[in-house]
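*Asks:* Just a sequence and a predicted model for now, questions to come.
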Amino acid sequence: MTNHLVIFAKAPVLGHVKRRLARDIGQLPAWQFYIRTLRALAPRLALDSRWQTSLAITGGDARWPRNMPLIDQGQGNLGDRMARIARIMPAGPVVIVGSDIPDIERSHIARAFKTLGRHDTVFGPAADGGFWLVGQARRRSIPNLFSNVRWSTEHALGDTLSNLDRRHTHALLEELIDVDDGPSYDEWRQR
């Protein structure tokens, strides 16, 4: 079975991406951060032959990377869109990452797929209480994995984990910085 990596991305439109970050550092620097991160991340992760990489997009037209399958995220909140993508992907494990996590390396993705050989789900926790990666082995259905999650809060990972029942195992990868606001941007820049 094929491993599927899906990078979630918004059309890089000034004023429409990284809004929380823009409140702290300004619209232009937030937009520049997003563009640089997306342009570096997508090709870096797509170069690995251990998985097939797709870009799940929302927010309109943009100049997307060539030679990478594009998928429309569809409507709804983040959980609705991630659940939809996990449902429509061909057979095999699925790992979803954000396009605004600059420290993601191919080794993180490889570790996630390896972990899915032993667990039903895998998460990459973020320092802010959310997660930068979610993966599903898809050997059996996990209904409502993303239901009633308080997105963009410190509760996002905990809420998602509470949707798993005892039959479904999970594992956590290392914590990375999800650059969403001024303090996380400053922390990332200092590293």
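*Replies:* All right, it came through fine. All values derive from a computational prediction rather than experimental measurement.

*Asks:* can you give me the strands for this structure?
*Replies:* Here the chain has its strands, by DSSP state E, at 4-10, 52-58, 70-72, 94-98, 121-125, 131-136, 170-172.

*Asks:* Looking at those strands, which is nearest to Asp180?
*Replies:* Closest approach to Asp180 among those (Cβ to Cβ): strand 94-98, 9.6 Å. Any C-beta I mention is one placed from the backbone N, CA and C, and that applies to glycine too.

*Asks:* Give me the nearest residue to Gly76, chain neighbours excluded.
*Replies:* Distance criterion Cβ to Cβ, 6 or more residues apart in numbering; nearest residue to Gly76, sequence neighbours excluded, is Arg84 at 7.5 Å.

*Asks:* got the contact list for that neighbour?
*Replies:* For Arg84, the contacting residues are Gln73, Gly74, Gly76, by Cβ atoms under 8 Å, 6 or more residues apart in numbering.

*Asks:* Show me which of those are buried.
*Replies:* Gln73 (16 or more other Cβ atoms under 10 Å).

*Asks:* Ser49: which of the contacts of Arg84 is nearest?
*Replies:* Among these, Gln73 lies closest to Ser49 (Cβ to Cβ), at 25.3 Å.

*Asks:* May I ask you to confirm that the closest one is in contact with Leu55?
*Replies:* No - Gln73 is beyond contact range of Leu55, at 9.9 Å (criterion: Cβ atoms under 8 Å).

*Asks:* Hmm, Pro65 is touching Pro43, no?
*Replies:* Yes - with contact defined as Cβ under 8 Å, Pro65 and Pro43 form a contacting pair (6.4 Å).

*Asks:* low pLDDT regions in the protein?
*Replies:* Within the chain, no stretch has pLDDT under 70.

*Asks:* ok so, going back, could you dump the contacts of Arg84 to JSON lines with distance to Val97?
*Replies:* Below are the contacts of Arg84 laid out as JSON lines (distance: Cβ to Cβ, whole Å):
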{"residue": "Gln73", "distance to Val97": "13"}
{"residue": "Gly74", "distance to Val97": "18"}
{"residue": "Gly76", "distance to Val97": "19"}
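
*Asks:* Grab the longest helix from the protein for me.
*Replies:* helix 27-46 (DSSP state H).

*Asks:* So which bits of that helix are buried?
*Replies:* Gln27, Ala30, Trp31, Phe33, Tyr34, Thr37, Leu38, Leu41, Ala42, Leu45, Ala46.
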